[in-house]
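Participant: Give me coordinates for this.
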Amino acid sequence: MPKIRVLVVDDAVVMRKMITEVLARDSQIEVIGSAPNGKIALQKIPQVNPDLITMDVEMPEMDGIETLREIRKIYPKLPVIMFSTLTAKGASTTLDALTIGATDYVTKPANVGSVTDGINRLEAELIPKIKAHCKHLRVAEPPGEHTAFISRLKPIAFPPRVRSKSIDIVCVGTSTGGPNALAEVFKSFPADFPVPIVVVQHMPPMFTALLAERLAANTAIRFHEGQHGQLVVPGHGYIAPGGKHMEVKREGLRTVLQLHDGPPENSCRPAVDVLFRSVAATYGGNVLAVVLTGMGQDGLRGCQHLREAHAQVMAQDEKSSVVWGMPGCVVTAGLADQVVPLDRVGGEIVRKVKESRRACAA
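Facilitator: Purely as a prediction, here's the structure:
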């Protein structure tokens, strides 16, 4: 099996060296070149023929956004992972990059002077993303823990569906490719959408606040970054803040958000499983869960809880997913009622919610 050929683009010598050292740790990946700015990177691409590019957002002469635009004109399918700083500006430019065609992103270590810590964090985050986006080149890995979990799920006799239940909340989980997927799903939702929406998108702090602002500006749903104690009401969407788990909880006749610093699950905080479990406990079967594109297995166990509570589960299909990890696990485990291409997910959510509520009101 050939190695995954990576071109590293960053104006900082320290970062180029750090990324190269990280990728050298994996026998399936090879750094075949580097460039200090976008102009040189564009010249090198046809020379070295990379399978994937890692690229800094902020660079002299030609920055990452401008370079990405040019790459997409010539190489529409070439995976590009953007590197950005964990700042408001970094979050904004990263979302811009994802909107115009970046495949994924990684935040730079806060202190590149701490070389060992920086390398360890990059290894844990960057290498799995490279392999996920070049899966046709990577050596198949041995079955993971989630595979054993799926095999245990298959014999389970789930309760029969109770189709007359009204859907009272929509919960969504997503990761890689999520920002664009969420924008696509909610772009045509009506302003009078009759139930609340709660979302976990794997992103760090600042990124989630900006994502909520962008969704609120471009959809009829009033999106917010979730706050502790915030009332959950119809027609509003709540994005779990980066670095915090988000749950829903009943307080009398009201439902509110609870944020906390519980341990990461599936190496994630916020985690889809945490949110979905709380939704199942609070709403029972009156739920529509949606699992969109994303790497890993977060949401799998949460969907099991929802299925056992008679809730409905929808998963994005493989063809339209950037990475069919999260929805793929749910589908493979037999937990999805429906597997839907991205361009139909929004319409299906609206239809299911309105039909369920109309049927229960009749």
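Participant: contact partners of stretch 302-313?
Facilitator: Applying C-beta atoms under 8 Å, 6 or more residues apart in numbering, the contact partners of stretch 302-313 are 153, 158-159, 161-162, 165, 167, 173, 272-277, 279-281, 283-291, 330, 333, 335-338, 352. Every residue, glycine included, has its C-beta placed from N, CA and C.
Participant: Which of those residues fall within helices?
Facilitator: Those of the contacts of stretch 302-313 mapping onto helices are 153, 272-277, 279-281, 283, 330, 352, per DSSP state H.
Participant: In three-state terms, how would the residue lying closest to K244 once chain neighbours are set aside be classified?
Facilitator: Leaving aside its chain neighbours, K244 sits nearest to L259 (4.5 Å; criterion: C-beta to C-beta, 6 or more residues apart in numbering). With DSSP: H, G, I helix; E, B strand; the rest coil as the basis, L259 sits in strand.
Participant: which ones are touching L259?
Facilitator: G226, Q227, H228, A240, P241, K244, H245, M246, E247.
Participant: do the same with D56
Facilitator: D56 neighbours (C-beta under 8 Å, 6+ apart): V9, D10, D11, A12, M15, G64, M82, F83, S84.
Participant: can you do 6 Å?
Facilitator: D56 makes contacts with D10, G64, F83, as judged by C-beta atoms under 6 Å, 6 or more residues apart in numbering.
Participant: Mind pulling the model confidence for it?
Facilitator: Looking at D56, its pLDDT reads 95.
Participant: which non-adjacent residue is nearest it?
Facilitator: In space, D56 is closest to D10, 4.2 Å off (C-beta to C-beta, 6+ apart).
Participant: That neighbour: neighbouring residues, count only.
Facilitator: By the criterion of other C-beta atoms under 10 Å, D10 has 26 neighbours.
Participant: does it really touch R16, like I thought?
Facilitator: Yes - look at D10 against R16 with C-beta atoms under 6 Å: they come within range, at 5.0 Å.
Participant: Now do the strands in the stretch 201-350 of the chain.
Facilitator: Using DSSP state E, counting those that start in this stretch, the strands found in the stretch 201-350 of the chain span residues 222-225, 236-239, 245-251, 254-260, 287-291, 312-316, 338-340.
Participant: and these as JSON lines, adding distance to W324?
Facilitator: Converted to JSON lines, the strands of the stretch 201-350 of the chain look like this (distance: least, C-beta to C-beta, whole Å):
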{"stretch": "strand 222-225", "distance to W324": "25"}
{"stretch": "strand 236-239", "distance to W324": "23"}
{"stretch": "strand 245-251", "distance to W324": "24"}
{"stretch": "strand 254-260", "distance to W324": "29"}
{"stretch": "strand 287-291", "distance to W324": "10"}
{"stretch": "strand 312-316", "distance to W324": "8"}
{"stretch": "strand 338-340", "distance to W324": "10"}
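Participant: Now render those as TSV, adding distance to C303 and mean pLDDT.
Facilitator: Output for the strands of the stretch 201-350 of the chain, formatted as TSV (distance: least, C-beta to C-beta, whole Å; pLDDT from 0 to 100):
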stretch	distance to C303	mean pLDDT
strand 222-225	23	98
strand 236-239	19	98
strand 245-251	16	97
strand 254-260	20	97
strand 287-291	6	98
strand 312-316	5	97
strand 338-340	13	96
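Participant: Give the bridge partners for H245, please.
Facilitator: H260 (DSSP bridges).
Participant: Go ahead and confirm it touches D273.
Facilitator: No - H245 sits out of contact with D273 when judged by C-beta under 6 Å, with a separation of 9.5 Å.
Participant: Mind listing the shared neighbours of those two?
Facilitator: By C-beta under 6 Å, 6+ apart, no residue touches both H245 and D273.
Participant: residue ranges with poor pLDDT in the stretch 201-350 of the chain?
Facilitator: Applying pLDDT under 70 to the stretch 201-350 of the chain flags no residue at all.
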